[in-house]
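Asks: What follows is a protein structure lacking sequence information:
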């Protein structure tokens, strides 16, 4: 099993450009998440989807949109990239319920110039 | 907002030494996870602790959940160079599994 797969691995954008980060999981998990990781700031939740058909804002949702396309796929869109969105983005999934651990992809390193 | 504070932020030790990393909060969590992350990869789960006072061992790693379920520690015995990485704790107290992460401890084990 591949687990959680993210594409692309690297991306450079100019300010104002748009892009979509893709994420797919093959573990039949109900919940999916998007985090960003910045130096000294740990992992911060952008958006999550507790189950297919639902999405909710996390800690830092401004400037992002998400789509839970189906149970397997959860995409993150930047409509108008800003330098403050330079970060490493991680997608994760978990089974529904208390104490379910997160399974992470290997990240997308995004640079906005 | 629930905060998890990890200490120390950075730790550099020689191979063979012991170390302890701490994860503290003023909030109560139903469970707490420890993850390890290597450069260029996503975090990987090490352990989940659920019961107050619980102690779990994973080879040379010992994890403890505080009695009040507000804090946790990770102790590594006889550290090896392969233990080098970023250690993250994450607390969960919702059914949706929306975890709160600490800022991490970067461990470097020198040969």
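Replies: Arrived safely. Owing to the predicted nature of the structure, the values given are computational and were not obtained by experimental measurement.
Asks: Would you check how far apart the residue in chain B that chain A sits nearest to and residue B:104 are?
Replies: For chain B and chain A, the shortest gap (Cβ to the nearest Cβ) falls at residue B:42, measuring 3.0 Å. (Glycine included, C-beta is placed from N, CA and C.) Counting by Cβ to Cβ, to the nearest Å, the gap between residue B:42 and residue B:104 amounts to 13 Å.
Asks: Those two - which one has more neighbours?
Replies: residue B:104 (27 against 23; other Cβ atoms under 10 Å in any protein chain shown).
Asks: And that one, its phi and psi?
Replies: Dihedral pair for residue B:104: phi 90, psi 160, per degrees, to the nearest 10.
Asks: Residue A:83 now?
Replies: When read as degrees, to the nearest 10, the backbone of residue A:83 gives phi -50, psi -30.
Asks: Not counting its neighbours along the chain, what's nearest it?
Replies: residue A:112 (5.0 Å; Cβ to Cβ, 6 or more residues apart in numbering or on different chains).
Asks: Ok, residue B:86 next?
Replies: Nearest non-adjacent residue to residue B:86, counting by Cβ to Cβ, 6+ apart: residue B:37, 4.3 Å away.
Asks: Next, the contact list for the one you found, please.
Replies: B:43, B:44, B:85, B:86, B:87, B:88, B:104 (Cβ atoms under 8 Å, 6 or more residues apart in numbering or on different chains).
Asks: Return the residues of chain A in contact with chain B.
Replies: Residues of chain A found near chain B (Cβ under 8 Å from any Cβ of the partner chain) are A:4, A:31, A:33, A:35, A:40-45, A:48, A:50, A:58-59, A:90, A:92, A:94, A:96-107.
Asks: for residue B:21, what are its contacts?
Replies: Residue B:21 sits next to B:6, B:7, B:8, B:11, B:73, B:74, B:75, B:76, B:87, B:105, B:107 when contact means Cβ under 8 Å, 6+ apart.
Asks: what about it, helix or strand, and which?
Replies: Using DSSP states H and E, residue B:21 maps to strand B:19-24.
Asks: what do you get for residue A:48?
Replies: Following DSSP H and E, one finds residue A:48 within strand A:43-49.
Asks: State the paired neighbours of that strand in the sheet, together with their directions.
Replies: If you go by DSSP bridges, strand A:43-49 pairs up with strand A:31-37 (antiparallel), strand A:56-57 (antiparallel).
Asks: out of these, deepest packed?
Replies: Across the strands paired with strand A:43-49, averaging neighbours per residue (mean count of other Cβ atoms under 10 Å in any protein chain shown) puts strand A:31-37 on top, at a mean of 26.
Asks: and chain B, which residues reach chain A?
Replies: Residues of chain B found near chain A (Cβ under 8 Å from any Cβ) are B:1, B:9, B:30-31, B:33, B:35, B:40-45, B:48, B:50, B:88, B:90, B:92, B:95-99, B:101-104.
Asks: Turn the buried ones among these into a named ChimeraX selection, would you?
Replies: Per 16 or more other Cβ atoms under 10 Å in any protein chain shown, the buried members of the residues of chain B next to chain A correspond to this ChimeraX selection:
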select /B:31,33,35,42,43,48,88,90,92,96,97,98,99,101,102,103,104
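Asks: Could you pull up the residues touching the most centrally placed residue in chain A?
Replies: For chain A, the residue nearest the mean C-alpha position is residue A:34 (2.7 Å; Cα atoms, centre = their mean). Residues near residue A:34 by Cβ under 8 Å, 6+ apart: A:21, A:23, A:45-48, A:58, A:64, A:66, A:74, A:76, A:89-92.
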